[in-house]
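Novice: Output the structure for:
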Amino acid sequence: MKSIIKLLHVPPSTNSLYANVRGKGRVKTARYRTWLQAAGWDLLQQRPQAWKEPVYLTILIGKLRAGSDVSNRVKALEDLLVQHLVIPGDTTEWVKGVNIALAQEPFEGVEVIITSASSPLKRAA
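Specialist: Down below sits the predicted model:
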């Protein structure tokens with residue numbers, strides 16, 4: 001079983017998710033809040049299934065500007081999936097692995113493929 005979620009908006013880098021604000025501590029940046037809202041609408045329109053078991057995430061980024069760090073996009077996507085109850089959590093109890101890549105043929109946005117982790121990965125001999 002798997003779910004495919006297509007988001008029109010690429011998440012900001014992990015480096016841009018939070019800012020330190022005097023007297024408040026770490027808070028979500030305006031950029032992150034804007035992305036969460038836009039991507040949340042993309043997600044809700046698809047009515048994704050709610051997973052109640054551990055999963056693997058495969059993330060395909062449509063395009064990024066040169067020099068961007070592909071792996072810095074994972075945290076925001078996991079947070080979005082948890083916020084909208086698509087997955088119960090983003091700890092190792094629920095997310096058993098993440099594969100992320102930049103698309104060879106660019107497209108707008110991000111695709112997230114969620115698959116069951118009921119078949120655990122085994123270490124190569």
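
Novice: How about the contacts made by residue 108?
Specialist: Counting by Cβ atoms under 8 Å, 6 or more residues apart in numbering, residue 108 touches 8, 62, 63. From N, CA and C alone the C-beta is placed, and that goes for glycine too.

Novice: Can you tell me how far it is from residue 61?
Specialist: As judged by Cβ to Cβ, to the nearest Å, residue 108 and residue 61 stand 11 Å apart.

Novice: now swap in residue 93 and tell me
Specialist: For residue 93, the distance to residue 61 equals 26 Å [Cβ to Cβ].

Novice: Neighbour count for these two, which is higher?
Specialist: Set residue 93 next to residue 61 and count neighbours by other Cβ atoms under 10 Å: residue 61 wins out with 21 against 9.

Novice: Excluding residues flanking it in the chain, which one is nearest that one?
Specialist: residue 102 (5.2 Å; Cβ to Cβ, 6 or more residues apart in numbering).

Novice: residue closest to the middle of the chain?
Specialist: residue 77 (1.8 Å; Cα atoms, centre = their mean).

Novice: Helix, strand or coil: sort out that one for me.
Specialist: What DSSP: H, G, I helix; E, B strand; the rest coil gives for residue 77 is helix.

Novice: mind checking how far the longest helix along the chain is from the chain centre?
Specialist: Taking DSSP state H as the criterion, the chain has its longest helix at helix 30-46. Between the centre of helix 30-46 and the centre of its chain there are 11 Å (Cα atoms, centre = their mean, to the nearest Å).

Novice: where exactly do the helices run in this structure?
Specialist: Applying DSSP H to the chain gives helices spanning 30-46, 74-83.

Novice: Looking at these, which is nearest to residue 14?
Specialist: Closest to residue 14 of the helices of the chain, according to Cβ to Cβ: helix 74-83, at 4.9 Å.

Novice: Let me know the angle separating that closest one from helix 30-46.
Specialist: Helix 74-83 and helix 30-46 are oriented at 50 degrees to each other (axes from the mean of the first three to the mean of the last three Cα atoms, to 10 degrees).
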